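Q: here's my sequence, what's the structure:
(chains A and B)
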Amino acid sequence: MNVVAKTETGRALGDAFAVVRDRLPGKGKIADQRREAFEAYERLGLPHRRIEDWKYTDLRALMREVLPLAPAPDAAALNRAAAAVELRAIDGVRRLVLVDGAFAPDLSDLGNLDKGLSIRPLREVLDAGDAALSAQAFASDTSNPMIALNGAMATDGVVIDIANGTVLAQPLHIVHVASGATPTAMFTRSLLRLGRDTGVTLVESYLAGDGAKAYQTHDGLIVAIGDNARLDHVRLVEDSVDAFNISSATVSLGAHAHFNTFGLTSGGHVSRYQLTVTCAGEGSNVETNGVNLINGKQHADTTLFMDHAVPHCASREIFRAVVDDRAHSVFQGRIIVRPDAQKTDAKMMTRALLLSDDAEADNKPELEIFADDVTCGHGATTGALDESLLFYMRARGLPEKEAQALLIQAFVGEAIETIASDALREVAIATAQRWLQARA
Amino acid sequence: MSLLEVKDLQVRVEEREILHGLSLTVNPGEVHAIMGPNGSGKSTLSHVIAGKPGYEVTGGQILFKGEDLLEMAPNERAAKGVFLAFQYPVEIPGVTTWNFLHAALNAQRKARGEDEISSPAFLRKVREVAKSLNIPQDMLKRGVNVGFSGGEKKRNEILQMALFEPAVCILDEMDSGLDIDALRIAADGVNALRSPERAMVVITHYQRLLNYIVPDVVHVMSKGRVVKSGGKELALELEESGYAQFEDAA
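A: Model prediction:
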């Protein structure tokens, strides 16, 4: 089924759906929703550069090959995945592992669940036929073709519920691993629901097992943050440099809720992360920050849609891109302030650092303001490392790459510093340092 | 052997020749002052010695302990023992002074085949030097030179000089932007580093600095050459008569 003609890509995916639809979990209403989602995807087709939101990430050009759906991981696949997970283990977290798009209970930590915390594999939830929950998991945006496709094809994921009043000290860590062997596609979807007065930290990592190369990860995360709840979210994309990662997160906040998210992309050949955040309750607060560290021929796109639907909410975005060689970084940040959303305070700042003449960064901040009593601002800059700083540092004995590394760390530091947890900030710094060391 | 030998140095910047055959010999233990009007090429000389990009050496050579300095990258020169105290030290937001100094010192040691300095030993050393220069600890936790006053920036240069223990120190207009108290503290710091093995080249417009850092040799530069050399009394003469007399000589 590996179809190499790019114009055929859309159709080949249609064939893929026809082949697997009967094996996907969830019958009845879920199966209908999947079919509708797939039809929505088919109507829109694989996004291309003439669609404004996809102008800089033309999947028809970039995604030349549709890969077959990954089979359930066998023992060898699980072993390779386990090794990759160990290599990037984070201390003190509750780990939930998805291997090749399937929840891996043996690699996950489901013991001694805290009171008020429930974790279930999506497949189980769908097979059990929890109609309300399924509807929430599959009700997201069908106007976005890749989210629709994800909904149609999703095989598994995790469903996490946090009961009212539960504050979890231990972070949850969802790890997506591609085990390797043959190039395949994975479709996962997870759901996180925080009740009133709750608090949790969620880490998501995307990793490659030994030998995994040209796989495709399609992930969707749906988050509902209840009134007066707080979610801290850290997302680390360290896929193999031949891999595709097309992911989305759809987050809604209740009143006086707080969402702090940080994403770092250093892996993947082509990645696109679509984050949609809706302030649906008054007095909520959003911080969405991110860093791209890319080189070679990597293409990394972060597309943010910040929706201020109600009054008295604040949002802050700090985004930094470091782009070397022939890599291409995209940041699209759209802030919409709806007519009722008075007293909105929204600010966005995106900066790109180009380390080579062939590097490219597209920064597109957009403000759409329909309310008249708001504070909104955005800024975007693109530049190279300051030669006078580099010379000063070299004159003190630092070799050029080391001097650059210190300046790059400082450049991304402002975004990394927004991570609330000291331990996770250190994890992000270590991830950035791995990238810098590989470059030296 | 002399420590630093500049021989018939010719340097261009963007097609314009700035130095037209400059020669200078500095021996261990000596303090040389280079004086001259604006545009005489003093700062160009310091930049070329340190290896700043953008200068084209079209003739002559610079030897450091007999080795060809112009063949070395700026960081190699630093590791060999060449130090330039900048006229305008840059600000590096996001890189703390501690981190910067530690990384730089270890890079120099590594280049010389020495072991890295341990963190406790490094801390002790920096604290000691910072104290002698009246640099508060919390300044070292901030970004390099970020928010520092002119005097603090210059003291930070001398702190680095003391830490790296170079063989040759080039002080480029160390007195610019300093009031008399700040100048005295900076000059005391420099004087404390004078030793029989170490040489200093003090570049300045004004004689005033040389009251605090007393030179062994004074050179007058004009239009890209050394036009006169003498003892410390030459600086006083210049203070009286100005640079005009040399404009013609050059």
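Q: kindly report the residues of chain B close to chain A.
A: Applying C-beta under 8 Å from any C-beta of the partner chain, we find that chain B lies next to chain A at B:50-53, B:73-75, B:77-79, B:84, B:86, B:89-90, B:92-95, B:99-100, B:103-105, B:107-108, B:111, B:143, B:160, B:164. For every residue, glycine as well, the C-beta is placed using N, CA and C.
Q: so what's the residue of chain B found nearest chain A up against?
A: Minimum separation of chain B from chain A (C-beta to the nearest C-beta) falls at residue B:94, amounting to 2.7 Å. Residues counted as contacts of residue B:94 (C-beta atoms under 8 Å, 6 or more residues apart in numbering or on different chains) are A:407, A:409-411, A:413-414, B:143.
Q: now with 7 Å?
A: Residue B:94 makes contact with A:410-411, A:413-414, B:143, according to C-beta atoms under 7 Å, 6 or more residues apart in numbering or on different chains.
Q: residue B:35 too?
A: B:204, B:218, B:220, B:235, B:238.
Q: what do you get for residue A:401?
A: A:439-440.
Q: pretty sure it belongs to a helix, no?
A: Yes: looking at residue A:401 with DSSP: H, G, I helix; E, B strand; the rest coil, it is inside a helix.
Q: so which of the contacts of residue B:35 sit within strands?
A: Secondary structure from DSSP state E places B:204, B:218, B:220 of the contacts of residue B:35 in strands.
Q: I'd like those residues as a markdown table, with pLDDT appended.
A: Formatted as a markdown table, the ones in strands among the contacts of residue B:35 follow (pLDDT from 0 to 100):
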| residue | pLDDT |
| --- | --- |
| B:204 | 92 |
| B:218 | 96 |
| B:220 | 94 |
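Q: quick check, central residue of chain B?
A: Central residue of chain B (C-alpha atoms, centre = their mean): residue B:170, 2.0 Å from the mean position.
Q: which helices and strands does the helix or strand harbouring that residue pack with?
A: Secondary structure from DSSP states H and E places residue B:170 in strand B:168-172. Judged by 3 or more C-beta pairs under 7 Å, 6 or more residues apart in numbering or on different chains; DSSP states H and E, strand B:168-172 is in contact with helix B:42-50, strand B:82-85, strand B:199-204.
Q: one more pass at 10 Å, please.
A: For strand B:168-172, the contact count by 3 or more C-beta pairs under 10 Å, 6 or more residues apart in numbering or on different chains; DSSP states H and E identifies strand B:31-35, helix B:42-50, strand B:82-85, helix B:150-164, helix B:180-192, strand B:199-204 as packing neighbours.
Q: alpha carbons of stretch A:226-238, as CSV, please.
A: Extracted C-alpha coordinates of stretch A:226-238, given in CSV (Å, rounded to 0.1, in the frame of the first residue of the first chain):
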residue,chain,number,x,y,z
GLY,A,226,-12.7,22.6,34.9
ASP,A,227,-13.3,25.8,36.9
ASN,A,228,-10.4,26.8,39.1
ALA,A,229,-8.3,24.0,37.8
ARG,A,230,-4.7,24.1,36.7
LEU,A,231,-2.9,22.1,34.0
ASP,A,232,0.8,22.3,33.4
HIS,A,233,1.8,20.7,30.1
VAL,A,234,5.2,19.9,28.6
ARG,A,235,5.5,18.4,25.2
LEU,A,236,8.8,17.1,23.8
VAL,A,237,9.1,15.9,20.2
GLU,A,238,12.2,13.8,19.8
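Q: now find how far off-centre that stretch is within its chain.
A: In terms of C-alpha atoms, centre = their mean, to the nearest Å, the centre of stretch A:226-238 is found 11 Å from the chain centre.
Q: and the residue of chain A nearest chain B?
A: Using C-beta to the nearest C-beta, the single residue of chain A nearest to chain B is residue A:410, 2.7 Å away.
Q: chain neighbours aside, what residue packs nearest to that residue?
A: Nearest non-adjacent residue to residue A:410, counting by C-beta to C-beta, 6 or more residues apart in numbering or on different chains: residue B:94, 2.7 Å away.
Q: before we move on, back to that, including neighbour count, could the contacts of residue B:35 go into CSV?
A: As requested, the contacts of residue B:35 are exported to CSV (neighbours: other C-beta atoms under 10 Å in any protein chain shown):
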residue, neighbour count
B:204, 22
B:218, 24
B:220, 25
B:235, 22
B:238, 23
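Q: determine which two of these are furthest apart.
A: B:204 and B:220 (11.6 Å; C-beta to C-beta).
Q: what residue ranges in the chain are flagged as low confidence?
A: Looking at chain A here, since you left the chain open. Scanning chain A for pLDDT under 70 picks out A:1-14, A:65-66, A:140-141.
Q: sorry, I should have been clearer: chain B.
A: Low-confidence segments of chain B (pLDDT under 70): B:248-250.
Q: ok, residue B:128 - contacts?
A: Neighbour list for residue B:128: B:162-163 [criterion: C-beta atoms under 10 Å, 6 or more residues apart in numbering or on different chains].
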